[in-house]
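Undergrad: return a 3D structure for these sequence lines:
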Amino acid sequence: MRRVVAVVLLTAMWVALWGDLSAGTAGAGLIAAIAVVTIVPNPLPERDLVFRPARAAWFVVMFVRDLVVSTASVARLVVSPGARDVHGTFITVQLSERGHAVRTIIAHSISLTPGTLTVDVEEDGRTLHVHVIQAAEEQAARASIAALEERAIAAFAPERADLPAEEVR
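TA: Predicted structure coming up:
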C-alpha cells in the first residue's frame, strides 16, 4: 500500500513540475515513479512513525515559536556592535531510542533553527554533533534540544512496544 501511495504522489509531483496535465506527461511520470519506487528501497520500518494530530500541531506551534525567537537572537547578534566576538562551539547530544524517523525529524528541526546546525550523526543514529553559534549558550541549546526531542517523541514516536526489534536496545 505504501508503494502505491508513493507512486501516486511521485506521479502527481512529476505532472506538477512539468506543468502539463497530458496523457504523455502523466504516463512518463508514472513510469518514472514506478522506477523510483522499485529501485530505491524504503528505509523506514512500517511502525517507525505515528502521527498524533494534536501533539503534532503543538510540535509545529512550538517549533515556529523557537524559529522566531532564535531568528531574533541571531539577528541581534549579527547587527550588534560586538558581533565580531561570536564564538561558536560544538556540542554532542544523545537522543533516546525512539526510531529513525523521529531522530531525523529532530536533527532536521535543529538544522532549520537559526544559530544551530546538526553537523554529524554517529553510526548509532542516536548521537548528534551540533554546532551552536554562541558557546555561552551551550546549556540553553542543550535544554532547547531536549524539549524539542520530548515534543517530537510525543507527536511522532511509536510506543516502545511498537518499535521494530532492531530499534529496541
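Undergrad: what helix or strand does I91 sit in?
TA: Assigned by DSSP states H and E, I91 falls within strand 89-94.
Undergrad: what sits up against that strand?
TA: When contacts are defined by CB atoms under 8 Å, 6 or more residues apart in numbering, strand 89-94 is touched by residues 119, 126-132, 134-135, 138, 141-142, 145. The way it works is simple: take the backbone N, C-alpha and C, and place the C-beta from them, glycine included.
Undergrad: again, only using 7 Å
TA: Here strand 89-94 makes contact (CB atoms under 7 Å, 6 or more residues apart in numbering) with 119, 126-132, 135, 138, 141-142, 145.
Undergrad: same question, stretch 137-149
TA: Residues external to stretch 137-149 that are found in contact with it (CB under 7 Å, 6+ apart): D66, T89, I91, V93, L95, S96, I106, S109, I110, T116, V130, V132.
Undergrad: and if you look at stretch 107-125?
TA: 63, 66-67, 70-71, 73-74, 90, 100, 103, 128-133, 141, 145, 148.
Undergrad: from the residues you listed, list the buried ones, please.
TA: Neighbour counting by 16 or more other CB atoms under 10 Å classes 63, 66, 70, 73-74, 100, 103, 128, 130-133, 141, 145, 148 among the contacts of stretch 107-125 as buried.
Undergrad: of these, which is the nearest to A32?
TA: H100 (26.1 Å; CB to CB).
Undergrad: pretty sure the closest one sits against R126.
TA: No. With contact defined as CB atoms under 7 Å, H100 does not count as touching R126 (10.1 Å).
Undergrad: now do the nearest residue to L95 once chain neighbours are set aside: how many residues are near it, please.
TA: Leaving out its chain neighbours, the residue that sits closest to L95 by CB to CB, 6 or more residues apart in numbering is R126, at 4.8 Å. Counted with other CB atoms under 10 Å, the neighbours of R126 add up to 15.
Undergrad: can you list the strands that the strand holding I91 pairs with?
TA: Strand pairing for strand 89-94, using DSSP bridges, gives strand 127-132 (antiparallel).
Undergrad: which positions in the next helix or strand along the chain from the partner strand come out as buried?
TA: Next in sequence after strand 127-132, counting helices and strands by DSSP H and E, comes helix 138-156. Of all the residues in helix 138-156, those buried under the rule 16+ other CB under 10 Å are A141, S144, I145, L148, E149, R151, A152, I153, A155, F156.
Undergrad: repeat for stretch 15-25
TA: V15, T25.
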